[in-house]
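Enquirer: Please work out how this folds:
(2 chains)
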Amino acid sequence: MKFSLTWLGDHLDTEASVEEISAKLNAIGLEVEGIENPADKLAGFKVAKVLTAAPHPNADKLQVLTVDAGTSEPLQVVCGAPNARAGMVGVLGLAGAIIPGGGFELKKSAIRGVESNGMMCSVRELELGDEHDGIIELPQDAPVGTPFADYHGADPVFDVAITPNRPDCMGVHGIARDLAAAGLGKLRPIAAQAVPGSFPCPMPIRTDDPEGCPAFYGRVIRGVENRPSPKWLQDRLKSAGQRPISALVDITNYVMLAYGRPAHAYDLAKLSGAIFARRAKDGETCLALNGKEYTLTSDMTVIADDNGVHDIAGIMGGEHSGCADDTTDVLLEVAYFDPVRIGQTGRALSLTSDARQRFERGVDPAFLDAGLALLTDLIVGICGGEPSEPVFAGQPPVTPKLVKYDPAMAERLGGVAIPEAQQRATLSALGFASDAAWNVTVPSWRPDVDGAPDLVEEVVRIHGLDNVASAPLPRADGVARPTATAAQKLERKLRRAAAARGMNEAVTWSFLPEAEADLFAEGNGGLWVLQNPISEDMKAMRPSLLPGLLSAVQRNLDRGASGLRLFELGRRYLRGQAGASDERLTLGLVLAGEKNPRGWASGKASSFDAFDAKAEAMALLAEAGAPIENLQVMGPDNLGPGPQFHPGQSATLRLGPKTVLARFGMLHPALLKAFDIDVAVAAVELFLDAIPARKSADFARPHYAPPPLQAVKRDFAFLVDAALPAGDLVRAIKGCDKANVVAVRLFDDFRGQGVPEGQKSLAVEVTLQPGEKSYDEAELKAISERVTGAAAKLGAVLRG
Amino acid sequence: MDYAATREQALARIAQAQDLGTLESLRVEFLGKQGSISGLLKTLGGMSAEDRLVVGPQIQALREGVSDALTARKAALESAALEAQLANETLDLTLPAPEAPRGTVHPVSQVMDELAEIFADLGFAVATGPEIEDDWHNFTALNIPESHPARAMHDTFYFPDQMASDGTRMLLRTHTSPVQIRAMLADGAPIRIIAPGRVYRSDSDATHTPMFHQVEGLVIDRGIHLGHLKWTLETFLKAFFEREDIVLRLRPSYFPFTEPSVEVDVGFALVNGKRVLGGSGDAPGHGWMELLGSGMVNRKVIAAGGLDPDEWQGFAFGVGVDRLAMLKYGMDDLRAFFDGDVRWLQHYGFSPLDVPTLSAGVGVRP
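Expert: Got it, this is the predicted structure:
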């Protein structure tokens, strides 16, 4: 809402300054987004009289003027305007003034060798209009030497943000009412004199859609002369940012902006038969005033005559029936439309307007008569003409709301004690009537108020939120208790563990291009795809954290990065039960390009490989408290790692055959190509929801009991089938004698000379832990036989 | 026999030995089984007791002196050999050592940890909820019915999908406020929670991204009023920015889920073109900046949460986490938060060891 100080003064009798008004508006919840003071930009301009005008010695089109601007000596000014002449009064910009229409600062200068002390200005240069044919000519009695801003009557303009609950403040009068209640002046009453009609309304008016349009009031005014509005009206509209068009149009806009009451004026000559509110027919069209044609549905209310739709009710009038310069007979429409339907229609048509904003928030249903009277009075006053008797079709919903209030609530909810008498006075100033028992009647213009807390808000905001004192929240005894859940602690720990391992945490978009999401979509029960994405690049919710990270990798590579360690901890979006989403906390991690740059000791740069990914997965799972000793490296199979990975250099880490805790490995070159990445990328995805929670409730750790005897280490080398997973051999040996074998570490995997084709040599270091007494030769032999026996079951032959 | 002379001669020869081999042959010569001093010791057996009493100590002293000299010389020779060897092992230590990559924690995560730490001290737990929400939790239960103009304030991303149970539309939550409803329904009252997380609005320009982070605060209890809200926000902001001079300005506003509703501005000073929080916005060189929205929870919202609004009341607030991070740590472009540029992450990210704690202060200074 924009309005000038003068316009506010029409409704509020106040001596307050612009600053005081602005501060009060903010304090009572009408946020001032800006104040435009035209006087600010007219600083340095004065009313000045041209004393002499002589041709410029060095330029045909310039004149040298002497100008009286109230200074002790006349000033010499060079001027190029054709209308500059001795005796005229105009506006002089002095050195230091900034030309509003150009943004440059005036300086004392020599123009073609003649000193000039300022500039005589045109209308356009002062941003007062478009004229630029010559300099401004003021009346001869304009007081020479006065600041032009004072002479011009520059009027500050407030720009106030109105929250959607306050339709009453979408008119200057409502804002004035709030300010008056807050003690900033006296509200001037609305002077709406009913104008009697002199003949019956020749146009039948009715509402055929009492739900969408409960009330349709109207009348005809004949014999009007549509002409430019008077200056006072134009000034007010301009301060609101509206362009004056013609008196008939301007008057409806003025009543809307001054009183929050939208209305429409039809050119009666363009209507035929009766005029009525009805539902649109599906597919019916309306060419609106904005020049666009809208296709309507039967959910929408329109104003129509026998020939068709003339108005999308409460939102925008039609192009064909609006008032034009040659309009002589006018039909006024002052209606009440259902706010819900206006909102739905406006959203469906993506059509906003000042009228819609007001109707959908709820205009005052008790202001139809007054609105009609104000409009009639203004039209007759400005355009002449003769009004018909008004027609009242339907009834607006004017049943007043009653709220039971308790003044103690101001303190109970608002935290500030306000005397009852003051509360009553505040409510009364805002239009709320209250009886002795605090039954409060809500004024018709406040659809937002329907309960006691709303009244608390009214009295507290007018009293001032500054007066609410801070009150400490009650605090539990002692040190604050821990509040984080196990999942939160896990997330925090993993984040810092990954960062401690050299990874950079990224936060990437939750949504992806659909094609990229599709590459990761298998087994997710279908992607979540937005109906109204902001762009095609942000359309499908990510089913994996890897694609977002890969896009980040690609961007970093484009910027010249050679090696990247990125991770993200966030949600994957899957399909859940009964239409809900299933959002799973996941850690994605990518290792791209160079692991180590070339070095004086290490030689050539090295790249990340699948074991780097495995190392990260294992380390992070260990930090997460997963039983990493029991994890199995499995797949590729139907549980993963999935087609995004290199089929021979990737796997999953599982707890048991079904529970996948992580997938890791090199990504598939075809996938990388889809992301435009030309370096190898190792990746990990850790499924935090699958990691079993730690069970221990106690802080105490198990008793520390080091074995009394030293462990014994024995090496074994086996020839096995080249395809046998080393992990199988290790696991078999680990399980062959649990009493004695405590660790098995694989330290060699060799193929080539001395090893038959199709086979490999695997060497393991087996750690044996004696119990009560040291091993003797026989025992060691027995254990060794169990080791070789277990290996033999996998086809392993002990190397000689 | 002149034992002293023998000793002098032996010690001189030991001192002259230049390598361990020579020294070993001297040891054999003097102290070996057939050695000269060993031979002298053997003569003691044939002596009279009186002679032995006189000569014995002299021979013993001779043996000890030679033995000590051998040991000392051996140590000296070994030490010299080691020094000579080490002298050949000199490294150029100006060469670079192997570098360990430096990992970082994203500012959004760091700030969320800071918030959790501060609010834990005030007794708030951290709650979460789904980001793909249904219309009821995101709007209806928060007193924003379908027709409500306030829905126009939220540029909502919708899915074509619906909940199976009641057919309400699925959408991306536009705020963290639906967690209020979920918390009340799940845990009843009293409640003190914060709910940080991702939220989404169909909005994109220099200061808005379609995804950003918000933290919701909710207190439901008996006798909670606007003064408690004010205190909580002041206390939180003072702790977060580690400044005692934080000044808040409360302005009446409108949110459907609160009544009364309060917009909160915070005073700042312009220092070298940057906004530095602190001081009253009305002071010279200062201004007010809109920071967060809040209010007393609307009775309808409390009822939607399954609680009796006559018994329970409370406050809620919501603030942008990214915004808090920018104000505290000085980033000026929100879009960079979500780009994954390692140069930015290295610049604005945090060491994993900078875990926010109350004792050390929740902030990290560069």
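Enquirer: how is chain A carved up into domains?
Expert: Using automatic domain parsing, the domains assigned to chain A come out as A:2-37+A:156-187, A:40-152, A:205-394, A:401-467, A:486-690, A:712-798.
Enquirer: now do chain B
Expert: Per automatic domain parsing, the domain ranges recorded for chain B read B:3-84, B:107-348.
Enquirer: follow-up on the earlier one: want to throw the domains of chain A into JSON lines with mean neighbour count?
Expert: Glycine gets a C-beta too; all of them are placed from N, C-alpha and C. Below are the domains of chain A laid out as JSON lines (neighbours: other C-beta atoms under 10 Å in any protein chain shown):
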{"stretch": "domain A:2-37+A:156-187", "mean neighbour count": "20"}
{"stretch": "domain A:40-152", "mean neighbour count": "17"}
{"stretch": "domain A:205-394", "mean neighbour count": "20"}
{"stretch": "domain A:401-467", "mean neighbour count": "19"}
{"stretch": "domain A:486-690", "mean neighbour count": "19"}
{"stretch": "domain A:712-798", "mean neighbour count": "15"}
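Enquirer: closest one to B:Ala80 among those domains?
Expert: Among the domains of chain A, domain A:486-690 comes nearest to B:Ala80, with 30.9 Å by C-beta to C-beta.
Enquirer: can you give me the end-to-end distance of that closest one?
Expert: By C-alpha to C-alpha, to the nearest Å, the extent of domain A:486-690 from end to end equals 13 Å.
Enquirer: now swap in stretch A:6-26 and tell me
Expert: End-to-end distance of stretch A:6-26: 19 Å, with C-alpha to C-alpha as the criterion.
Enquirer: what is the mean pLDDT for that stretch?
Expert: Averaged across stretch A:6-26, the pLDDT comes to 95.
Enquirer: what's the spacing between that stretch and its chain's center?
Expert: Centre-to-centre, stretch A:6-26 and its host chain are 31 Å apart (C-alpha atoms, centre = their mean, to the nearest Å).
Enquirer: does it come close to chain B?
Expert: Yes: judged by C-beta under 8 Å from any C-beta of the partner chain, stretch A:6-26 and chain B are in contact via A:Asn26.
Enquirer: center of chain A, which residue is that?
Expert: Nearest to the geometric centre of chain A sits A:Ile534, at 12.1 Å (C-alpha atoms, centre = their mean).
Enquirer: which stretch in the domains of chain A is the model least sure about?
Expert: Mean pLDDT per stretch puts domain A:40-152 lowest among these, at a mean of 86.
Enquirer: Check chain B for its longest helix and report it.
Expert: helix B:49-87 (DSSP state H).
Enquirer: Run the contact check for the next helix-or-strand element following that one versus chain A.
Expert: Once helix B:49-87 ends, the next helix or strand along the chain (criterion: DSSP states H and E) is helix B:107-121. Yes: counting by C-beta under 8 Å from any C-beta, chain A is contacted by helix B:107-121 at B:Val108, B:Ser109, B:Asp113, B:Ala116, B:Phe119, B:Ala120, B:Asp121.
Enquirer: In a markdown table: the domains of chain B, plus mean neighbour count and mean pLDDT.
Expert: Formatted as a markdown table, the domains of chain B follow (neighbours: other C-beta atoms under 10 Å in any protein chain shown; pLDDT from 0 to 100):
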| stretch | mean neighbour count | mean pLDDT |
| --- | --- | --- |
| domain B:3-84 | 14 | 90 |
| domain B:107-348 | 20 | 93 |
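Enquirer: right, so of those domains, which gets closest to A:Ala487?
Expert: Closest to A:Ala487 of those, according to C-beta to C-beta: domain B:107-348, at 8.5 Å.
Enquirer: And the helices in chain B?
Expert: Ranges of helices within chain B are B:3-16, B:20-31, B:36-43, B:49-87, B:107-121, B:135-138, B:178-187, B:226-241, B:299-304, B:321-329, B:342-348, based on DSSP H.
Enquirer: can the helix or strand hosting A:Lys595 be found next to chain B?
Expert: Using DSSP H and E, A:Lys595 sits in strand A:581-596. Yes: interface with chain B: strand A:581-596 contributes A:Ser581, A:Glu583, A:Asn596 (C-beta under 8 Å from any C-beta).
Enquirer: Run through the bridge partners of the last one.
Expert: Here A:Asn596 sits in beta bridges with A:Ser606, as judged by DSSP bridges.
Enquirer: Could you list the contact residues of the stretch 551-700 of chain A toward chain B?
Expert: So the stretch 551-700 of chain A meets chain B at A:551-553, A:555-556, A:559, A:561, A:564-566, A:569-571, A:573, A:578-581, A:583, A:596, A:599-602 (C-beta under 8 Å from any C-beta).
Enquirer: how far away is the closest residue in space to B:Phe139 that isn't next to it in sequence from A:Phe608?
Expert: Closest residue to B:Phe139 apart from its sequence neighbours, by C-beta to C-beta, 6 or more residues apart in numbering or on different chains: B:Arg151 at 6.5 Å. According to C-beta to C-beta, to the nearest Å, B:Arg151 and A:Phe608 sit 48 Å apart.
Enquirer: who wins for proximity to B:Asp135 among the domains of chain A?
Expert: B:Asp135 lies closest to domain A:486-690 among these, at 11.6 Å (C-beta to C-beta).
Enquirer: now that closest one: how far from the chain's centre is it?
Expert: On C-alpha atoms, centre = their mean, the centre of domain A:486-690 falls 30 Å from the chain's centre.
Enquirer: follow-up on the earlier one: now tabulate the residues of helix B:107-121 next to chain A in a markdown table and tack on distance to B:Arg13.
Expert: Shown next, in a markdown table, are those (distance: C-beta to C-beta, whole Å):
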| residue | distance to B:Arg13 |
| --- | --- |
| B:Val108 | 80 |
| B:Ser109 | 76 |
| B:Asp113 | 75 |
| B:Ala116 | 80 |
| B:Phe119 | 84 |
| B:Ala120 | 80 |
| B:Asp121 | 81 |
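Enquirer: which bits of the stretch 1-150 of chain B sit near chain A?
Expert: Within reach of chain A by C-beta under 8 Å from any C-beta, the stretch 1-150 of chain B has these residues: B:95-96, B:98, B:100-106, B:108-109, B:113, B:116, B:119-126, B:130-132, B:134, B:147-150.
Enquirer: give me every residue that touches residue 113.
Expert: All of this is about chain A. A:Gly113 sits next to A:Pro57, A:Asn58 when contact means C-beta atoms under 8 Å, 6 or more residues apart in numbering or on different chains.
Enquirer: could you do chain B instead?
Expert: Contact analysis of B:Asp113 by C-beta under 8 Å, 6+ apart lists A:Arg492, B:Val355, B:Pro356.
Enquirer: Specify which member of the residues you listed is nearest to A:Pro419.
Expert: Within the contacts of B:Asp113, proximity to A:Pro419 (C-beta to C-beta) peaks at B:Pro356, which comes in at 45.5 Å.
Enquirer: what about the nearest residue to the closest one once chain neighbours are set aside, how many neighbours?
Expert: Nearest non-adjacent residue to B:Pro356, counting by C-beta to C-beta, 6+ apart: B:Val362, 4.0 Å away. B:Val362 has 23 neighbours, counted by other C-beta atoms under 10 Å in any protein chain shown.
Enquirer: Can you classify the closest residue to A:Phe367 other than its chain neighbours as helix, strand or coil?
Expert: Spatial nearest neighbour of A:Phe367, chain neighbours left out: A:Arg261 (5.5 Å); criterion: C-beta to C-beta, 6+ apart. Secondary structure, DSSP: H, G, I helix; E, B strand; the rest coil: A:Arg261 is coil.
Enquirer: what sits against A:Ala613?
Expert: A:Ala613 is in contact with A:Leu589, A:Leu591, A:Phe664, A:Gly665, A:Met666, A:Ala682, A:Ala683, A:Val684, counting by C-beta under 8 Å, 6+ apart.
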